[in-house]
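>>> could you look at this predicted model? Sequence included:
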Amino acid sequence: AVPEGGQLSVSVVVKAQNEVSTKTYQVVISRGASDVATLSALAPSSGTLSPEFAVGTKEYTLAIGNAVTSVGFTSTLTHSGASLLANGAAVNSGQSSAMINIPEGGSVTVPVKVTAQDGTTEETYLIAVTRAASANALLNGLTASGGVMSPSFSSSGESYTMSVGNAVGIVKVTPTAGNG
């Protein structure tokens with residue numbers, strides 16, 4: 001069999017009727033390279049693609065929770081002679097891409113590009129990944145100028161008092177946001 005994108009050389013030896021003279025003919029058979037540029041599977045390291053993966057579908061969404069800071073994709077090529085780039089980096093079929101950081105409350109579109117064995121046929125799958133925003137409404141700090149707050153700041157506290165002298169005209173209250 002002639003491999004896709006390859007050649008096979010066949011020798012034909014002809015022996016004359018006199019059983020002494022021979023002539024060898026060479027036939028080189030070339031087979032074109034595959035133009036298959038699809039995936040047979042695409043799976044995120046966290047969450048579920050929407051819609052569910054299908055070879056003919058090229059655009060997906062993926063929603064991840066706030067606690068998930070990055071995501072990778074395992075892509076499987078339909079044709080073993082094709083090549084694969086996930087988010088611009090070469091990846092072997094069936095192996096996970098590098099983890100891609102997703103900003104808190106943000107969205108990143110991740111391209112997965114397949115190039116067929118022929119080197120010209122390409123297909124790109126796009127995954128719009130959205131990371132949930134933080135639900136943390138706590139402060140890490142709360143300070144005020146011109147006096148002392150009571151009680152001392154605690155992230156679980158919600159009510160504070162502060163007395164200032166009559167000469168204090170402006171009080172600056174500075175909150176420090178919590179993490180995550």
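Great, that's in hand. Residues are numbered from 1 along each chain as shown.
>>> low-confidence ranges, this protein, go.
In the predicted model of the chain, residues 179-180 satisfy pLDDT under 70.
>>> give me the number of neighbouring residues for residue 147.
For residue 147, the neighbour count with other Cβ atoms under 10 Å is 13. The way it works is simple: take the backbone N, C-alpha and C, and place the C-beta from them, glycine included.
>>> okay, buried residues for stretch 109-126 please.
110, 112-118, 121, 123, 125 (16 or more other Cβ atoms under 10 Å).
>>> could I have that stretch exported to PDB, CA atoms only?
Extracted as PDB, the C-alpha positions of stretch 109-126 are listed here (Å, rounded to 0.1, in the frame of the first residue of the first chain):
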ATOM      1  CA  THR A 109     -11.300  33.000  23.300                       C
ATOM      2  CA  VAL A 110      -8.900  30.000  22.800                       C
ATOM      3  CA  PRO A 111      -8.200  28.900  19.200                       C
ATOM      4  CA  VAL A 112      -7.500  25.200  18.400                       C
ATOM      5  CA  LYS A 113      -6.100  25.100  14.900                       C
ATOM      6  CA  VAL A 114      -5.700  21.900  12.900                       C
ATOM      7  CA  THR A 115      -3.600  21.700   9.800                       C
ATOM      8  CA  ALA A 116      -4.000  18.700   7.500                       C
ATOM      9  CA  GLN A 117      -1.200  16.500   6.300                       C
ATOM     10  CA  ASP A 118      -1.300  18.400   2.900                       C
ATOM     11  CA  GLY A 119       0.000  21.500   4.800                       C
ATOM     12  CA  THR A 120      -2.700  23.800   3.300                       C
ATOM     13  CA  THR A 121      -6.100  22.700   4.500                       C
ATOM     14  CA  GLU A 122      -6.900  24.200   7.900                       C
ATOM     15  CA  GLU A 123      -9.800  24.300  10.400                       C
ATOM     16  CA  THR A 124      -9.900  26.400  13.600                       C
ATOM     17  CA  TYR A 125     -12.100  25.600  16.500                       C
ATOM     18  CA  LEU A 126     -12.900  28.500  18.900                       C
END
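>>> rewinding a little: and of the buried residues of stretch 109-126, the nearest to residue 135?
residue 110 (24.7 Å; Cβ to Cβ).
>>> now that closest one. Nearest residue, chain neighbours left out?
Nearest residue to residue 110, sequence neighbours excluded (Cβ to Cβ, 6 or more residues apart in numbering): residue 127, at 4.6 Å.
>>> wait, residue 89 sits on residue 100?
No. Judged on Cβ atoms under 8 Å, residue 89 makes no contact with residue 100 at a distance of 9.8 Å.
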